[in-house]
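Participant: sequence and predicted structure are below.
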Amino acid sequence: MFIKYKFKIMNRVELIQKIIDKKNFTRYLEIGSYKGESFFPIKCKRKVAVDPKFYIPLKRKLKWIYIKPSNFFNKYFEYTSDDFFKNKSSFIKKYKPEIVFVDGLHTFKASLLDVLNSLKYLSNDGVIVMHDCLPPNKAGAVYANSFIEAGKMNLEGWTGEWTGDVWKTIIYLKEKYKEVLSITVLDTDYGLGYITIKSSITNFVIDESIFDEVNKSTYEELITDPSIINLKDKEYHHILLQD
């Protein structure tokens, strides 16, 4: 039976902080930061934010440095995620993130590329957390290149909540890398994907045949069988953090 979406207490910031604290991680990479709403509250020794267009006034940076002094050491890269991974590969390789939060463009292909690129540099015991893996409704799952574009479609049932088709990335990863990745989606905060590495990965090229097949998946299929994204109750995070 489909676990109906509803807002629950644990959000992405809380989950990420739990992971960092439990695993004693010190290197955090966030893809899609914009205003820093999830980036600044997280306490981690070394944090890197990536966004094609930041909206973070100096006053907000100073406020968060005061609240959490570790924010003084933050690094900001105003790039698209594709350009960041392409142009800053030497930095990322040296930095070697232990936890990556993927919250960039809400499309299947963009989110898949963000995960694959992150996996190239992720530490062996690292974790990738993906936002927007469980659409709140059919309208919120529509493919679009931006929130504004989705909002202009005049979709039936539109509530202003938009996750796009990010959830298809979970299905693709489960199909392509079922032997080498562990993948779960927690039913909270629009679906939080939890991805870890079981064994070495060497192929990060998108398999177009798998991509095209997964891209045919529909929202109706998701709500009929949420096991296709390995959906678990939010409390399952206790089990994930034991690994």
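Facilitator: All right, it came through fine. Because the structure is a prediction, the values reported are computed rather than measured.
Participant: can we go C-alpha only for contacts and neighbour counts from here?
Facilitator: Noted.
Participant: stretch 203-214: how far from the chain's middle?
Facilitator: 19 Å (Cα atoms, centre = their mean, to the nearest Å).
Participant: list the buried ones in it?
Facilitator: The neighbour-count check on stretch 203-214 (16 or more other Cα atoms under 10 Å) flags 211, 214 as buried.
Participant: have a look at the protein and report its longest helix.
Facilitator: helix 108-121 (DSSP state H).
Participant: now the helices for the chain?
Facilitator: Under DSSP H, the chain gives helices at 12-23, 58-67, 81-87, 89-95, 108-121, 147-151, 167-176, 208-215, 219-224, 237-240.
Participant: elements contacting the fifth one?
Facilitator: Put plainly, it is helix 108-121. helix 81-87, strand 99-102, helix 167-176 (3 or more Cα pairs under 8 Å, 6 or more residues apart in numbering; DSSP states H and E).
Participant: of these, give the one that comes closest to Lys68.
Facilitator: For the helices and strands packed on helix 108-121, the distance to Lys68 is smallest for strand 99-102, at 19.0 Å, taking Cα to Cα.
Participant: strand partners (parallel or antiparallel) of that closest one?
Facilitator: strand 27-31 (parallel), strand 127-130 (parallel) (DSSP bridges).
Participant: hang on, the earlier thing: the longest helix of the chain vs helix 208-215, what angle?
Facilitator: Relative orientation of helix 108-121 versus helix 208-215 (axes from the mean of the first three to the mean of the last three Cα atoms, to 10 degrees): 130 degrees.
Participant: what angle separates helix 108-121 from helix 167-176?
Facilitator: Interaxial angle, helix 108-121 versus helix 167-176 (the same axes, to 10 degrees): 50 degrees.
Participant: mean confidence score for helix 108-121?
Facilitator: Across helix 108-121, pLDDT averages out at 97.
Participant: kindly report the same for stretch 165-179.
Facilitator: Averaging pLDDT residue by residue across stretch 165-179 gives 97.
Participant: on that earlier part again, winner for burial among the helices of the chain?
Facilitator: helix 167-176 (a mean of 22; mean count of other Cα atoms under 10 Å).
Participant: let's have the helices of the chain in TSV, adding distance to Val50.
Facilitator: What follows is the helices of the chain, written out as TSV (distance: least, Cα to Cα, whole Å):
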stretch	distance to Val50
helix 12-23	17
helix 58-67	15
helix 81-87	7
helix 89-95	12
helix 108-121	11
helix 147-151	19
helix 167-176	20
helix 208-215	26
helix 219-224	29
helix 237-240	26
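Participant: nearest to Phe39, out of the ones you listed?
Facilitator: Closest to Phe39 of these, according to Cα to Cα: helix 12-23, at 8.1 Å.
Participant: how much space between the closest residue to Gly160 other than its chain neighbours and Gly140?
Facilitator: Spatial nearest neighbour of Gly160, chain neighbours left out: Gly151 (7.0 Å); criterion: Cα to Cα, 6 or more residues apart in numbering. Separation of Gly151 from Gly140 (Cα to Cα, to the nearest Å) stands at 9 Å.
Participant: cool, and Val48?
Facilitator: 29 Å.
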